[in-house]
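In: Make a model of this:
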Amino acid sequence: MNSYLTLDDMQWQELIQRTTQTFSDLTIKRGFQYFKQGRVRSSELSDPSSGVIDALVQGSEAEPYQVRLRVNSLTDSECSCPVEGACKHMAAVLLDYAQQQGRSIHALVNAHSMAWASAPADPSSLRPRTAAGQAAPSPPKWRDKAEQLPTLPITAWHELFDICTASLGTNTQNSFYAKNALSALHHIKPPLPADLEPMYGLHAHLFVLEKLVKQPANAWNSSGSYIGYHTQVAADHVQDQIGRIFKDGLEDIEPGEAFRERLDETKTYIRRSMLVEPRNRKFFAKTYMQLWIYWISPVYGKNQQIYADELRELQAAEGDFGASLSRAAWLASQSLMHFYMRQDEAAWELLREADKLSTLSAEFALGFFHMLDSASEWERLARWLPEIGPLLGSHRSEHLSRYQDYWDAVIEHVPEAAERMWNCLASLLPYSKHIYQNALMTHGRWREWIDYQLSTGREPLELRVSDLAPVEKHAPELLLPFYHQAVERYILHKNRDGYKAAVKLLKRLAKLYKKLKQQERWELFITSLSVRNSRLRAFQEELRRGNLIS
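Out: Reported below is the predicted structural model:
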């Protein structure tokens, strides 16, 4: 590697800090394994001034992954592997770079431990204080209890978490609280089997998430329908970390019996939290779906009994929780079980019912599409997209963009499904207007694209020249009515701005007629237009300034 970019001590410490902010502890350690195995290939400092490293990392597949590591901005790094965000391949390249710099690789590998070392050094510092300012006695044998965690149920884990974070209180529910609580929980973590490491990390984050979003019984707003901005930011960040734990957790790990037992307990814990979550929130509902997608389904595979049992648990919850039941989450989670059991019609119906109560259905719908896409079940995905797509209609634009991506994948493998796609996108208008127009362009449906612009009254000058370039290249004659109608509208404004806009568009028309080799038709049109509007002196002036008439 070109070593032109060298780090002084201050820059090195900053890099260590960025490493903890970008990579999870598990990801760094997996990257270390790849580094030790010599999987980093062709590493080169391609841009020394900005610290950009291009490298190839041999993954588990035959084809190596391409990594672009940005040393000065690790979060902007890229890798061609399927993992979203920071991955072990990036971490391996970072460690290779540190070695080339003559720096301690273990300082990066243990970056999280070093960062947590600055947190309270002992859970005794987290204990409540007495009136005299002395630390209250700690619960007896907490260290022994921590050592026994691998054999204890999940409920005991959370009891210990409560003890170790007691002094942090619950009055300041923000990112600072979340960081301190997670640091304390990491400090007490005992040595664990490899398969329980991600399980511990998951429950540490679940514990903090619940502390953030669960309102005290005596809160002024006991309905739980509102949480403050800073709490929302902290909770969103914790849930993002939970998502990373799910996606990374079982990679290269063989789940043992202890993991399966804790997994069943985790399923029960998250289900209960989800079913009493206020309907305007979806923290635990989203976590519930991730648990099934990334952990339970891969572990149990096609064992239909696990899904049938869970469906019975969910159906019984209506009687167990009564009025406190979060019905949207209850319906959506049942839909998920029917999905796994390949009972699609029942799944669709439940998801539509959930959509009447909450926006949660959009998250679940995208999860279903993701699973079918990942499994290459194109025919089934082609049935799901038009059935559930309408639930995304009024939601965020990124949801619809992802929806179109799934349609593109389906059309690639099932071309005969194209007509269903167009009907579905049209039914979602006006919400789908952006993806609908992009799809028309992508698939070369120029006439429909022009018809849509005309039907919505959109002006040609509102569009960039680059937007119109594909139509001008492949079907230029279709632009004629689009331009002609707009010119007439601009003239009807009967003001100087309207006349200038008309002349600007007339110049485009002149070029278009020339490209179509219809110069005579153009001359007849511009002469007729000038004569018809001869009384509009300002318009005549603009025509002459534009060299359209003499």
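In: Now for Val71: which residues touch it?
Out: If you count contacts by CB atoms under 8 Å, 6 or more residues apart in numbering, Val71 has them with 5, 15, 51-53, 94, 97. Placement of C-beta: from N, CA and C, glycine included.
In: er, Phe284 I mean
Out: Remark: with contacts taken as CB under 8 Å, 6+ apart, Phe284 is in contact with 209, 270, 273-274, 277, 329.
In: What residues of whatever helix or strand Ser528 lives in count as buried?
Out: Secondary-structure element containing Ser528, defined by DSSP states H and E: helix 519-532. With burial defined by 16 or more other CB atoms under 10 Å, the residues of helix 519-532 counted as buried are 522, 525-526, 529-530.
In: what element comes up after that helix heading to the C-terminus?
Out: Counting by DSSP H and E, the element after helix 519-532 in chain order, helix or strand, is helix 537-545.
In: Now do that next one against helix 519-532, angle only.
Out: Helix 537-545 and helix 519-532 are oriented at 150 degrees to each other (axes from the mean of the first three to the mean of the last three CA atoms, to 10 degrees).
In: Any idea how far helix 537-545 is from the middle of the chain?
Out: The chain centroid and the centroid of helix 537-545 are separated by 53 Å under CA atoms, centre = their mean, to the nearest Å.
In: For that helix, list every residue counted as buried.
Out: Residues of helix 537-545 classed as buried: 539, 542-543 (neighbour count, 16+ other CB under 10 Å).
In: and that helix, what does it pack onto?
Out: Under the contact criterion of 3 or more CB pairs under 8 Å, 6 or more residues apart in numbering; DSSP states H and E, helix 537-545 touches helix 496-515.
In: quick one: the helix it packs on to chain centroid distance?
Out: Its chain's average C-alpha position is 43 Å from that of helix 496-515, according to CA atoms, centre = their mean.
In: Do me a favour and average the pLDDT over it.
Out: Per-residue pLDDT values over helix 496-515 give a mean of 94.
In: Could you list the residues in contact with that helix?
Out: Helix 496-515 has contacts (CB under 8 Å, 6+ apart) with 460-461, 472, 476, 479-480, 483-484, 486-487, 490-493, 519, 521-522, 525-526, 529, 536, 538-539, 542-543, 545-546, 548.
In: Repeat that for stretch 299-312.
Out: Counting by CB under 8 Å, 6+ apart, stretch 299-312 makes contact with 250, 255, 260, 263, 267, 271, 296, 334, 337-338, 340-341, all of which sit outside it.
In: is it possible to export the buried residues of helix 537-545 to TSV including pLDDT and distance to Tyr300?
Out: Supplementary listing: the buried residues of helix 537-545 in TSV, determined by pLDDT from 0 to 100; distance: CB to CB, whole Å:
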residue	pLDDT	distance to Tyr300
Phe539	94	74
Glu542	93	73
Leu543	94	75
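In: So which of these is the closest to Pro64?
Out: Distance to Pro64, by CB to CB, is smallest for Glu542 among the buried residues of helix 537-545, at 60.9 Å.
In: got a list of what the closest one touches?
Out: Applying CB under 8 Å, 6+ apart, we find Glu542 in contact with 496, 499-500, 502-503.
In: Just the buried residues of those residues.
Out: Under a neighbour-count criterion of 16+ other CB under 10 Å, the subset of the contacts of Glu542 counted as buried comprises 499-500, 502-503.
In: got TSV for those residues, with distance to Glu61 too?
Out: Shown next, in TSV, are the buried ones among the contacts of Glu542 (distance: CB to CB, whole Å):
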residue	distance to Glu61
Tyr499	63
Lys500	59
Ala502	59
Val503	59
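In: Name the nearest of these relative to Leu372.
Out: Proximity of these to Leu372, judged by CB to CB, is greatest for Ala502, which lies at 50.4 Å.
In: how much space between that closest one and Leu479?
Out: Computed with CB to CB, to the nearest Å, the distance linking Ala502 and Leu479 is 16 Å.
In: Where do the strands of the stretch 1-150 of the chain begin and end?
Out: If DSSP state E, counting those that start in this stretch is used as the criterion, the strands of the stretch 1-150 of the chain fall at 40-47, 52-57, 65-70, 78-79.
In: Parallel or antiparallel, which strands does the first one pair with?
Out: By that I understand strand 40-47. Using DSSP bridges, the strands paired with strand 40-47 in its sheet are strand 52-57 (antiparallel).
In: Only the C-alpha atoms, please, for the strand it pairs with, written as PDB.
Out: Taking Å, rounded to 0.1, in the frame of the first residue of the first chain, the C-alpha atoms of strand 52-57 are listed here in PDB:
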ATOM      1  CA  VAL A  52      -9.500   6.800   0.300                       C
ATOM      2  CA  ILE A  53      -8.400   3.100   0.100                       C
ATOM      3  CA  ASP A  54      -9.600   0.700  -2.600                       C
ATOM      4  CA  ALA A  55      -9.200  -2.900  -1.800                       C
ATOM      5  CA  LEU A  56     -10.500  -6.400  -2.600                       C
ATOM      6  CA  VAL A  57     -11.500  -8.700   0.300                       C
END
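In: on that earlier part again, dump the contacts of Glu542 into CSV; add distance to Gln101 as well.
Out: CSV is the format used below for those (distance: CB to CB, whole Å):
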residue, distance to Gln101
Arg496, 64
Tyr499, 65
Lys500, 60
Ala502, 63
Val503, 62
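In: so which of those residues comes closest to Glu313?
Out: Comparing every one of the contacts of Glu542 with Glu313 (CB to CB), the shortest separation belongs to Ala502, at 68.0 Å.
In: Distance check, that closest one against Arg489.
Out: Separation of Ala502 from Arg489 (CB to CB): 9 Å.
In: can you list the domain ranges for the chain.
Out: When the chain is parsed with automatic domain parsing, its domains come out as 9-116, 119-127+142-216+226-301, 448-461+473-545.
In: Save these as a markdown table, and put in distance to Ala323 too.
Out: Shown next, in a markdown table, are the domains of the chain (distance: least, CB to CB, whole Å):
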| stretch | distance to Ala323 |
| --- | --- |
| domain 9-116 | 39 |
| domain 119-127+142-216+226-301 | 11 |
| domain 448-461+473-545 | 46 |
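In: Next one: Arg458 from Ile293, what distance?
Out: As judged by CB to CB, Arg458 and Ile293 stand 40 Å apart.
In: Look at the two and report which has more neighbours.
Out: Ile293 (19 against 15; other CB atoms under 10 Å).
In: does Leu206 sit in a helix, a strand or a coil?
Out: Secondary structure assignment for Leu206 (DSSP: H, G, I helix; E, B strand; the rest coil): helix.
In: any idea how far Trp12 lies from Thr19?
Out: Following CB to CB, the distance that separates Trp12 from Thr19 is 11 Å.
In: neighbour-wise, which of those two wins?
Out: Each of Trp12 and Thr19 has its neighbours counted (other CB under 10 Å); Thr19 has more, 23 against 17.
In: Report the contact partners of that one.
Out: Contact partners of Thr19, counting by CB under 8 Å, 6+ apart, are 28, 74, 94, 108, 111.
In: What's the per-residue pLDDT of Trp220 here?
Out: Trp220 is assigned 39 on the pLDDT scale.
In: From Asn174, how far out is Leu336?
Out: In terms of CB to CB, Leu336 sits 32 Å off from Asn174.
In: out of these two, which sits in the busier spot?
Out: For Leu336 versus Asn174, neighbours defined as other CB under 10 Å are more numerous around Leu336 (25 against 16).
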